[in-house]
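**Student:** requesting a structural model of the entry that follows:
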Amino acid sequence: MIIHLNGWPGVGKKTVGEVLARRLGARFLHNHMLYDLAATVTGHGDPAFWALYDAVRTLTYDALAQRPANEVFVMTNALRVNTPRDLETWSRLVAAATARGAPLVPIVLEAEVEENIRRLQSEERRGRKLTDPERLKGYFADNSIQKPAVPELLVLDITRLAPEDAAARIEAHLGGIAPPPASARLLEMRQ
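**Tutor:** As a prediction, the model looks like this:
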């Protein structure tokens, strides 16, 4: 199973994902594991950044596709609807789940705008992740988070939820997921 936590920067994907992975005994793949590797090697503004990021992501998702279906992964991302790179990332996740014969469960984490901005500016994000509220507001205005129209989708407002409570709700949702959907069914999950 691949549990994919999607949401805006700062919403709490990593925090909830760590708790959920621990509760499930799953492997945790936070999107910054890939992003930070590329940024460390090239720097953020270097033209080679995206090529390296894409190469690291491709290798990672190809390896993920080879893992046994019974291994559980919790992953995070901020995949937007109208961004070709983000649409491609979702496509690669669908392909990896299909290759493994494992369910892909999209979970969208949301928070009220003011709370999302407050979290975005938290001290532990400084120097490592996006902290500029104006940039986040620009994302809100220009795009929206992918929400695949599939029965497995869970949209969860975590504005007032502790990470443990959010993870418990996601875990309860996972209990209702049927055996792996057919390949054709997973392909329909693309947005």
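**Student:** put the alpha carbons of the helix or strand containing residue 140 into CSV.
**Tutor:** Residue 140 belongs to helix 133-142 when assigned by DSSP states H and E. Provided in CSV are the C-alpha atoms of helix 133-142 (Å, rounded to 0.1, in the frame of the first residue of the first chain):
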residue,chain,number,x,y,z
PRO,A,133,3.4,33.5,3.4
GLU,A,134,3.1,35.7,0.3
ARG,A,135,4.4,32.8,-1.8
LEU,A,136,1.9,30.4,-0.2
LYS,A,137,-0.9,32.9,-0.8
GLY,A,138,0.2,33.0,-4.5
TYR,A,139,-0.2,29.2,-4.6
PHE,A,140,-3.7,29.4,-3.1
ALA,A,141,-4.6,32.0,-5.8
ASP,A,142,-3.1,30.3,-8.8
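**Student:** run the chain-centre distance for that helix.
**Tutor:** Mean C-alpha position of helix 133-142 versus that of the full chain (C-alpha atoms, centre = their mean, to the nearest Å) differs by 18 Å.
**Student:** what does it rub up against?
**Tutor:** Defining contact as C-beta atoms under 8 Å, 6 or more residues apart in numbering, one finds that helix 133-142 is touched by 8, 9, 10, 80, 82, 113, 116, 117, 120, 121, 130. Placement of C-beta: from N, CA and C, glycine included.
**Student:** let's see that with 10 Å instead.
**Tutor:** Applying C-beta atoms under 10 Å, 6 or more residues apart in numbering, the external contacts of helix 133-142 come out as 8-11, 78, 80, 82-83, 113-114, 116-118, 120-121, 130, 132, 145.
**Student:** next: stretch 83-94.
**Tutor:** Contacting residues not belonging to stretch 83-94 are listed as 2, 4, 6, 31, 34, 50, 53-54, 57-58, 60-62, 64-65, 73, 75, 77-81, 104, 106, 139, 142-143, 145-146, 148, 183, 186-191 [C-beta under 10 Å, 6+ apart].
**Student:** ok so, going back, need the buried ones from the contacts of helix 133-142 selected in ChimeraX.
**Tutor:** In ChimeraX syntax, the buried subset of those is picked out as below (16 or more other C-beta atoms under 10 Å):
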select :8,9,10,11,78,80,116,117,120,145
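**Student:** now, the contacts of helix 133-142 that are in helices?
**Tutor:** Members of those lying in helices (criterion: DSSP state H): 113, 114, 116, 117, 118, 120.
**Student:** tally of neighbours for residue 161?
**Tutor:** 17 (other C-beta atoms under 10 Å).
**Student:** show me what contacts it?
**Tutor:** Contacts of residue 161 by C-beta under 10 Å, 6+ apart are 12, 16, 109, 111, 167, 168, 169.
**Student:** next one: stretch 169-180 to chain centre, how far?
**Tutor:** That offset, for stretch 169-180, works out to 17 Å (C-alpha atoms, centre = their mean).
**Student:** I meant stretch 134-152, not that one.
**Tutor:** Offset of stretch 134-152 from its chain centre (C-alpha atoms, centre = their mean): 12 Å.
**Student:** any buried residues in that stretch, and which?
**Tutor:** 136, 139, 145, 146, 147, 148, 150, 152.
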